[in-house]
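# quick one, what's the 3D model for this:
(2 chains)
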Amino acid sequence: MSVGVQRLREETERIRQGAIDKGEDPAVIDEALAADLRRRTVLGEGDTLRAERNAVSKQIGDAIRGGAAPDGVEIAKLRARSSAVGTRIAALEAEAAEVEARLDDLLLRIPNPADPGIPVGGEEASVIVRTWGEALPRATAHAGALDGSGRWQRRPHWEIGEALGMFDLAAGAKVAGSGFPIYRGQGAALQRALIDFFLALHTREHGMTEIWPPAMVNEASARGTGQIPDKEDQMYVVARDGLYLVPTAEVPVTNIHRDEIIESARLPIRYVAYSPCFRREAGAAGRETRGILRVHQFDKVEMVCFERPDESSEALEWLTARAEVALQRLGIAYRVKLMSTGDMGFTQAKKYDLEAWAPGVEQWLEVSSISNFRDFQARRMNIRWRPQPGASPEILHTLNGSGLALPRTVAALLETYQQPDGSVLVPEPLQGSLGTERLTPV
RNA sequence: GGAGAGGUCGCAUAGAGGUCUAGUGCGACGGUUUGCUAAACCGUUGAGUUGGGUAACCGGCUCCGAGGGUUCGAAUCCCUCCCUCUCCGCCA
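Residues are numbered from 1 along each chain as shown, chains lettered A, B, ... in the order given. A predicted model of the protein is given here:
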């Protein structure tokens, strides 16, 4: 992920302000500009010398073909000259490599500026742009309450899951480790039903192409989406084979088109992919990690879009609405949060979070994050499109969004649909694959 | 995992140290001819980077899977790695 060096030259002040708004140090911008200047100087000198060497080598070839003795005096003089130029070329190439590496490193540390109009500030500056559904209270009046109080207290999802025999966290810890949940019985079936529902929704109704990606990627792919070097500690590594377990389907799916030029007629390309997601979550143990809300392995259906630059803003709204449809069909109340400059992260230009209401714990749980990267990610992966047949290729825009992540959706679903008698009603879209309208304690 | 073959301009193929500024065919695009279609003929045909110019445009350099090496000069020779195909072994 990086801003382009050309854009850095042309829009220096906007990029500088963007870095400041995101709370990053703008000093790297001036360093990068200096490195770029040096780089161009060195490249220019090197090119001139290479042109000279090419000319001399050509003279040698012409002379030999013209009958000159290959080991004669004339040829020897030309060889000596070319050789001397070669030495200077080697020195310039070494410097060019050094300065380009430095420039690349600096560019990587310049954040993607947020779109105009994004609220500036930290977490507190993010704004709720809309809410859908009724955020149920934890306690409601209920004549048949089990404790005879006349009030019914909704339970947190881990209690519901335990009563229904859906999770077996202890067994998961034994088999793999803490944070690797085992889903059992109705819990396992619910996972499968949700994955199928999301995929069917996004393919059949939203026209996306389904992808079933690898669960591991090579280093180039991990670099392409910026997991390396930005989030290297977040990934599980299979060092022996040089592979990384995917932290999200975004990584394998976006890399599908790495180093490609896509004809305009093929755009937009919109994929939806299920994958397991593996995250080390180093240092996250403790707060808010109870149950299945933050785990090392979870399941997610991810949407990935490749768009024409002039259509990506609209695509972000569309993509957000597609994720919202999933929650609406499940009847889960949620709110949409527009992330502020300081809240959205290094790589995004604009980002919405979808937060589902979980009445048992009385929390809004982040179940989806939908982002427009504009050309930031695509430049790193060298994904281009051709605006007109025969025209020069340009970097396209990428977006992605969860549609949705399972664990927190399950939590919100269980807490929303729990009944005073301990059972859980099944939302209509899942009834078919679960084969029941109600989950009952086991 | 073992043995062999191979990776060249969208596709197919030539290329074996200087004549490769990578040829040819197909495709695509433009044009001529044409009642329509087809065909024929002519022409064009990649990417990156950098310099000049307001610009259309013009020039330099780099790129023949990737990275090193030999050489005045590498698609071509040498080394390492990656990928694809065939056969064998193993296996859900």
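# could you show me where the helices are in the stretch 301-442 of chain A, in order?
A:312-330, A:376-381, A:406-417, A:428-434 (DSSP state H, counting those that start in this stretch).
# could you tell me the least trusted of the ones you listed?
The minimum mean pLDDT among these belongs to helix A:376-381 (a mean of 91).
# that one - contacts with which helices or strands?
Applying 3 or more Cβ pairs under 8 Å, 6 or more residues apart in numbering; DSSP states H and E, we find helix A:376-381 packed against helix A:219-224, strand A:397-405. Backbone N, C-alpha and C define where each C-beta goes, glycine included.
# can I get the ones you listed in TSV including distance to RNA strand B?
Shown next, in TSV, are the helices and strands packed on helix A:376-381 (distance: least, Cβ to the nearest atom of the strand, whole Å):
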stretch	distance to RNA strand B
helix A:219-224	9
strand A:397-405	16
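# deepest of these, which one?
Burial of the helices and strands packed on helix A:376-381 is given as mean neighbour count (mean count of other Cβ atoms under 10 Å); strand A:397-405 ranks first at a mean of 27.
# ok and that one relative to helix A:406-417, angle-wise?
50 degrees (axes from the mean of the first three to the mean of the last three Cα atoms, to 10 degrees).
# direction included, what does strand A:397-405 pair up with?
strand A:297-307 (antiparallel), strand A:363-374 (antiparallel) (DSSP bridges).
# dump these to JSON lines, plus distance to A:Thr409, mean pLDDT and mean neighbour count.
Compiled in JSON lines, these are given as follows (distance: least, Cβ to Cβ, whole Å; pLDDT from 0 to 100; neighbours: other Cβ atoms under 10 Å):
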{"stretch": "strand A:297-307", "distance to A:Thr409": "10", "mean pLDDT": "97", "mean neighbour count": "25"}
{"stretch": "strand A:363-374", "distance to A:Thr409": "5", "mean pLDDT": "96", "mean neighbour count": "24"}
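# sorry, back to before: which one of the helices of the stretch 301-442 of chain A lies nearest to RNA strand B?
Of all these, helix A:376-381 sits nearest to RNA strand B, with 9.2 Å by Cβ to the nearest atom of the strand.
# are the closest one and RNA strand B in contact anywhere?
No - contact of helix A:376-381 with RNA strand B (Cβ under 7 Å from any atom of the strand) is absent, the minimum separation being 9.2 Å.
# and that helix, how far out from the chain middle?
Helix A:376-381 sits 11 Å away from the centroid of its parent chain (Cα atoms, centre = their mean, to the nearest Å).
# now do the buried residues in that helix.
A:Phe376, A:Gln377, A:Ala378, A:Arg379, A:Arg380, A:Met381 (16 or more other Cβ atoms under 10 Å).
# around RNA strand B, which positions in the stretch 1-150 of chain A sit nearby?
Counting by Cβ under 7 Å from any atom of the strand, the stretch 1-150 of chain A comes close to RNA strand B at A:5-6, A:40, A:43-44, A:46-48, A:50-51, A:53-54, A:56-58, A:60-62, A:64-65, A:70, A:78-79, A:82-83, A:86.
# please convert the buried members of these into PyMOL selection syntax.
One line in PyMOL is enough to select the buried ones among these; burial here means 16+ other Cβ under 10 Å:
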select buried, chain A and resi 5+43+46+53+56+60+78+82
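# in helices, which of the residues of the stretch 1-150 of chain A next to RNA strand B appear?
Taking DSSP state H as the definition of helices, these contribute A:5-6, A:40, A:43-44, A:46-48, A:50-51, A:53-54, A:56-58, A:60-62, A:64-65, A:78-79, A:82-83, A:86.
# end to end on stretch A:262-270, go ahead and measure it.
13 Å (Cα to Cα, to the nearest Å).
# tell me which of the helices of the stretch 301-442 of chain A lies nearest to A:Pro111.
A:Pro111 lies closest, by Cβ to Cβ, to one member of these: helix A:376-381, at 8.8 Å.
# contacts for that closest one, please.
Identification of contacts with helix A:376-381 by Cβ atoms under 8 Å, 6 or more residues apart in numbering yields A:1-4, A:112, A:223-226, A:254-255, A:257-259, A:306, A:347-349, A:384, A:395-398.
# chain center to stretch A:329-336, what's the gap?
That offset, for stretch A:329-336, works out to 23 Å (Cα atoms, centre = their mean).
# and for stretch A:403-422?
On Cα atoms, centre = their mean, the centre of stretch A:403-422 falls 25 Å from that of its chain.
# contacts only, for A:Val251.
Contacts of A:Val251 by Cβ under 8 Å, 6+ apart are A:Val217, A:Ser221, A:Ala222, A:Gly224, A:Thr225, A:Gln227, A:Tyr244.
# could you redo the last one with a cut-off of 10 Å?
A:213-214, A:216-217, A:221-222, A:224-227, A:235, A:244-245, A:275, A:277, A:302, A:304 (Cβ atoms under 10 Å, 6 or more residues apart in numbering).
# do A:Glu10 as well
By Cβ under 10 Å, 6+ apart, the contact list for A:Glu10 reads A:Gly4.
# what do you get for the one 5 residues further on?
Residues in contact with A:Ile15, defined by Cβ under 10 Å, 6+ apart, are A:Val3, A:Arg7, A:Leu8, A:Arg9, A:Pro26, A:Ile29, A:Ala32, A:Ile110, A:Pro111, A:Asn112, A:Pro113.
# show the average pLDDT along stretch A:347-359.
For stretch A:347-359, mean pLDDT rounds to 96.
# buried residues, that stretch. List them.
Neighbour counts over stretch A:347-359 (16+ other Cβ under 10 Å) mark A:347-359 as buried.
# where along the stretch 1-150 of chain A do the strands fall?
A:127-132, A:139-141 (DSSP state E, counting those that start in this stretch).
# out of the contacts of A:Ile15, which are buried?
Using 16+ other Cβ under 10 Å as the burial test, the contacts of A:Ile15 include A:Val3, A:Arg7, A:Leu8, A:Pro26, A:Ile29, A:Ala32, A:Ile110, A:Pro111, A:Asn112, A:Pro113 as buried.
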